[in-house]
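Undergrad: Sequence below, structure please.
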Amino acid sequence: MTPKASTAPVDIAGDTVQSVGTALDVLGCLAESPELGVTELARRLGVAKSTAHRLLATLCAKGLVEHCPDSAKYRLGQRLHELGEVVASRSRLRELSLPLLEGLRERTGQTVHLAVPWAGQVFYVERLESYRGAYFSSRVGRRMPSHCTSSGKAIAAFNPEHAAAACRLGFPRVTGRTIRDKATFLQCLQETRRRGYAYSVEEGSLGLSSIAAPIVDHEGTARAAISVAGPTAQIIGDDVGRVARLVLEAAARLGRQEVTWWNGVGYR
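TA: Numbers count the residues shown, from 1 in each chain. Sure thing, here's the model as predicted:
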């Protein structure tokens, strides 16, 4: 049964600011899990079940969280998707990158992505699908581990803070080809710096590979990455040099417009 929302603002220990922070933590927990019950959410937050219940009631009333009748658990609400679309539509980085991404898709025939760093992972802010219909688990608004994505490696190779955050998250296995330890990851970053671009060969999804180049600011720090992804034979094949060159060119062009788009786009 959905908890009845209170008309009064939630207030934990008389501290409204703390209440807002805890409410945001609720959203963070639900972002990591498809659904959570009140008990599990309270445990993760370190608060009483009654507190978790009140927070959920308020968030449900605002459409930020939804109650799932079948499981009696909670998930992120549709309102967050709507807000995310507004943010994406107003993103200067996305606006400037779209022509470049469209050109890259046209010239390669493959799916292209724009990703930014987020707490050691990569967050996809744009994706233009291949006309060939290859399936990818990546999508706009999704986070992926850096160690199994070309975008994550490209950013980490030129952003020490992001590389350190990625190492702290560890190296969970996604496929049989996923990097599994810090030494291999750091070696991969060193090779990426030498080449100027990164690649992932079936490390995030079997049969699919990608090539990514970093978008760097005036100090040489990667703030985002552009990637081309598709079936392994079409990405890591005889034409790999051409694909890499096109990705590098697109990333360099966007990087030259840094003064226009850079405004703390690193998402943590």
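Undergrad: What segments of the stretch 151-268 of the chain are strands?
TA: Along the stretch 151-268 of the chain, counting by DSSP state E, counting those that start in this stretch, strands occupy 198-201, 208-216, 222-231.
Undergrad: State the distance from Val243 to Glu249.
TA: 11 Å (Cβ to Cβ, to the nearest Å). For glycine as for every other residue, the C-beta is placed from the backbone atoms N, C-alpha and C.
Undergrad: again with Ser130
TA: Using Cβ to Cβ, Ser130 is found at 19 Å from Glu249.
Undergrad: Can you check my assumption that Glu126 lies in a strand?
TA: Yes - under DSSP: H, G, I helix; E, B strand; the rest coil, Glu126 falls within a strand.
Undergrad: who's it bridged to?
TA: For Glu126, the beta-bridge partners are Leu114 (DSSP bridges).
Undergrad: what about it, how many neighbours?
TA: By the measure other Cβ atoms under 10 Å, the count of residues near Glu126 is 20.
Undergrad: again with Arg142
TA: Arg142, neighbours per other Cβ under 10 Å, totals 14.
Undergrad: Which residues are in contact with the residue lying closest to Phe158 once chain neighbours are set aside?
TA: Setting aside the residues directly before and after it, Phe158 is nearest to Ala222 in space (Cβ to Cβ, 6 or more residues apart in numbering), at 3.8 Å. Residues in contact with Ala222 (Cβ atoms under 8 Å, 6 or more residues apart in numbering) are Pro117, Ala154, Ile155, Ala156, Ala157, Phe158, Asn159, His162, Pro214, Ile215, Val216.
Undergrad: same question, Ala42
TA: Contacts for Ala42 were tallied using Cβ under 8 Å, 6+ apart; they are Ala48, Lys49, Thr51, Ala52.
Undergrad: at 10 Å instead, please
TA: Contact analysis of Ala42 by Cβ atoms under 10 Å, 6 or more residues apart in numbering lists Leu36, Ala48, Lys49, Ser50, Thr51, Ala52, His53, Leu55, Leu56.
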